[in-house]
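Asks: Curious how this folds, go ahead:
(chains A and B)
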Amino acid sequence: MYKAPRGTFDILPQEHPYWKYVEEKAASLCQLYGYQPLSTPIFEDAQVFTKTVAGGTDIVDKEMYIFQDKSGQELALRAEGTAPVCRAYVEHGLFNLPQPVKLYYIGPAFRYERPQSGRYRQHHQFGFEALGEADPALDAEVVEMARHFFSSLGLSQFIIQLNSIGCRLCRPGYLELLKQNYSGYADRLCPDCKVRLVKNPLRLLDCKKASCQEMTGAAPKITDYLCHECQLHFQSVQKYLGLMRILFELNPRLVRGLDYYTRTVFEVEPRENGGQTALGGGGRYDNLIEELGGKPTPAVGFATGLERIILNLKKQRLDIPALPGPDVFIAYLEGEAKTEAMKLASDLRKAGIGVIMATGDKSLRAQMRQADSLEIAYALILGEQEIRKRNVMLRDMRSGEQKTVPCAEIAGFLKQPKV
RNA sequence: GUGAGCGUAGCCCAGCGGUUAAGGCGCCAGGUUGUGGCCCUGGAGAUCGUGGGUUCAAAUCCCACCGUUCACCCCA
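Replies: Predicted coordinates for the structure are as follows:
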């Protein structure tokens, strides 16, 4: 038997209310803040990711789905959302629009990882990006928007962590300092951290091993080594967040996984954690567009995973609105009634009334059971008696009351607003 | 990629060496002649994840693989 590939899953009808709920909240949030939808292809020139997300990260080193098409071109399934948005920004000359350009996307992303709950090989991201503006007010807006999003979903138990990781000018010096600091006791680092020390020293800071954390406690904090510009920027972000009454925690050890971040980085995680914690994360990436061949362009954004949101919605047992279905079920008895029923179904649908028509010549009892399990509002029953007099039997499934209504009036009756 | 737990009908699960693998939900049919929800009766549905091994005998023990879950890692 065939199965959905490892780390992927089907979204069955019963799950879709969650997805629709989250997607609609996302779209209305973006409307509220003036972010417009952008859809990019599911695969890109592999370099869109390899050049930007950068080496030293697992995403590029071992998690990307890279393949050659028949012409030999190297393509990659979308590994994350931000780089494609930037590619589109450059390709379509969106820098000619009034800046900043505010965009959002919802779509799948692919990483070859070992699956567990909240972590898949195909997952879905919602992200928003503001391109072409360096103002720290925009960093604050993006953080506020993230918070606004989660609370609009009804997820209240989360924490926003904030940090600044500097820029091209101040970060290299800090990294040197960090390396020096750690290299003294390199032999005491965990195996992962020994690699980090060489390939990606910033990541030393968020190792969870207790033995390594002792050393990070003593390590220099990047926020103490920011250049003047970065310092001012970070202070402004915090000031604006304070003005908007956005609660956040400063976490000098917060480092994002993707290499393109500069200055502001932030992460949202549930208060009660365990397993795959991060609900979403984001930050500023002032060099990314340039790396994709555009002019130097500052930008800031945020992305979140729909699977993890839905996981948390379920954990909190929030009530999610059901998907609306038809209000009317048509049942019929033997003989001509079936053809009459089909005509009636067709007419009602033309009038904009949703109908599920019985099929398969089941007993009336079986048809009524079906109507019941569909949780439908009204059943229409057609038998010889009704057809002879051009009537239908209308049964209110909730109250159990029923009455005979002339065929000609039934559409009008059903269109009346429900009490 | 590393370590650990789990894998019995569509779903939840009992059985943990010995005759036809139990139950619940769901599904189908019937319980008066044209009517649902409760209840009752009957029915369909399981190569006990896959392959190999141990044994007179394996869903039950062992090994491998696959899947899944958890932790690490990584990140959404």
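Asks: And the residue of the stretch 151-300 of chain A closest to RNA strand B?
Replies: Going by C-beta to the nearest atom of the strand, RNA strand B is nearest to residue A:257 of the stretch 151-300 of chain A, at 2.2 Å. (C-beta placed from N, C-alpha, C; glycine too.)
Asks: My understanding was that residue A:216 contacts residue A:251; is that so?
Replies: No. Applying C-beta atoms under 8 Å, one finds residue A:216 not in contact with residue A:251, separated by 11.6 Å.
Asks: just checking, the residue of the stretch 151-300 of chain A closest to RNA strand B is part of a helix?
Replies: No. Remark: residue A:257 does not belong to a helix; assigned using DSSP: H, G, I helix; E, B strand; the rest coil, it is coil.
Asks: Next up, phi/psi of it, please.
Replies: When read as degrees, to the nearest 10, the backbone of residue A:257 gives phi -70, psi -30.
Asks: thought it was touching residue A:63?
Replies: No. Contact status for residue A:257 versus residue A:63: not in contact, 10.6 Å apart, counting by C-beta under 8 Å.
Asks: How is chain A partitioned into domains?
Replies: Per automatic domain parsing, the structural domains of chain A span A:13-168+A:242-315, A:171-225, A:328-415.
Asks: quick one, what contacts the closest residue to residue A:221 other than its chain neighbours?
Replies: Of all residues not flanking residue A:221 in the chain, residue A:252 sits nearest, at 4.2 Å (C-beta to C-beta, 6 or more residues apart in numbering). Shown in contact with residue A:252 (C-beta atoms under 8 Å, 6 or more residues apart in numbering): A:163, A:205, A:221, A:222, A:223.
Asks: Touching, the fourth one and residue A:174? I think so.
Replies: Yes. Here residue A:222 reaches residue A:174: they are 5.3 Å apart, a contact under C-beta under 8 Å.
Asks: what number of residues lie near the residue nearest to residue A:372 when sequence neighbours are not counted?
Replies: What sits nearest to residue A:372 in space, not counting adjacent residues and going by C-beta to C-beta, 6+ apart, is residue A:397, at 6.8 Å. Counted with other C-beta atoms under 10 Å, the neighbours of residue A:397 add up to 19.
Asks: Please apply the same query to residue A:268.
Replies: 24.
Asks: I'd like the average pLDDT over the helix or strand where it lies.
Replies: Using DSSP states H and E, residue A:268 falls within strand A:262-270. For strand A:262-270, mean pLDDT is 93.
Asks: what distance separates it from the centre of its chain?
Replies: 16 Å (C-alpha atoms, centre = their mean, to the nearest Å).
Asks: Neighbouring strands of that strand in the sheet, and parallel or not?
Replies: strand A:158-164 (antiparallel), strand A:280-284 (antiparallel) (DSSP bridges).
Asks: Could you give me the buried positions within it?
Replies: For strand A:262-270, the neighbour count (16 or more other C-beta atoms under 10 Å) marks A:262, A:263, A:264, A:265, A:266, A:267, A:268, A:269, A:270 as buried.
Asks: tell me the most buried of the domains of chain A?
Replies: Stretch with highest mean neighbour count among the domains of chain A: domain A:13-168+A:242-315 (a mean of 18; mean count of other C-beta atoms under 10 Å).
Asks: and that one, how far out from the chain's middle?
Replies: Its chain's average C-alpha position is 9 Å from that of domain A:13-168+A:242-315, according to C-alpha atoms, centre = their mean.
Asks: Same question for stretch A:340-349.
Replies: 40 Å.
Asks: Can you list the low-confidence ranges for chain A?
Replies: Confidence mapping of chain A against pLDDT under 70 gives the ranges A:54-57, A:61, A:272-276, A:417-419.
Asks: In the stretch 101-250 of chain A, what residue lies closest to RNA strand B?
Replies: residue A:117 (2.8 Å).
Asks: does that residue really touch residue A:310, like I thought?
Replies: No. Between residue A:117 and residue A:310 there is no contact under C-beta under 8 Å: 11.3 Å.
Asks: residue contacts, the residue nearest to residue A:372?
Replies: Residue A:397 touches A:329, A:371, A:372, A:376, A:377, A:378, A:379, counting by C-beta under 8 Å, 6+ apart.
Asks: so how far is residue A:17 from the nearest residue to residue A:299 once chain neighbours are set aside?
Replies: For residue A:299, ignoring the flanking residues on the chain, the nearest one in space by C-beta to C-beta, 6+ apart is residue A:131 at 4.3 Å. Using C-beta to C-beta, to the nearest Å, residue A:131 is found at 33 Å from residue A:17.
Asks: Contacts for stretch A:237-248 next, please.
Replies: For stretch A:237-248, contacts defined as C-beta under 8 Å, 6+ apart pick out A:136-137, A:139-140, A:143-144, A:147, A:159-162, A:164, A:250, A:264, A:266.
Asks: again with stretch A:40-56
Replies: Contacts for stretch A:40-56 (C-beta under 8 Å, 6+ apart): A:59-61, A:64, A:66, A:73-80, A:83-88, A:105, A:107-108, A:199-200, A:258-260, A:288, A:291-292.
Asks: Filter those residues down to the ones in helices?
Replies: A:83, A:84, A:85, A:86, A:87, A:88, A:199, A:288, A:291 (DSSP state H).
Asks: okay, among the residues you listed, which ones form the most distant pair?
Replies: Maximum pairwise distance in the ones in helices among the contacts of stretch A:40-56, criterion C-beta to C-beta, is 30.0 Å, between A:88 and A:199.
Asks: Show only the entries of the contacts of residue A:252 found in helices.
Replies: Within the contacts of residue A:252, no residue falls in helices by DSSP H.
Asks: May I ask which two of the residues you listed are separated the most?
Replies: For the contacts of residue A:252, the farthest-apart pair by C-beta to C-beta is A:205 and A:223; their separation is 11.5 Å.
Asks: And residue A:356, its phi and psi?
Replies: phi -110, psi 120.
Asks: Dig out what it forms beta bridges with.
Replies: Where residue A:356 sits in a bridge, its partners, by DSSP bridges, are residue A:329.
Asks: Show me how far stretch A:166-176 is from its chain's centre.
Replies: Stretch A:166-176 sits 32 Å away from the centroid of its parent chain (C-alpha atoms, centre = their mean).
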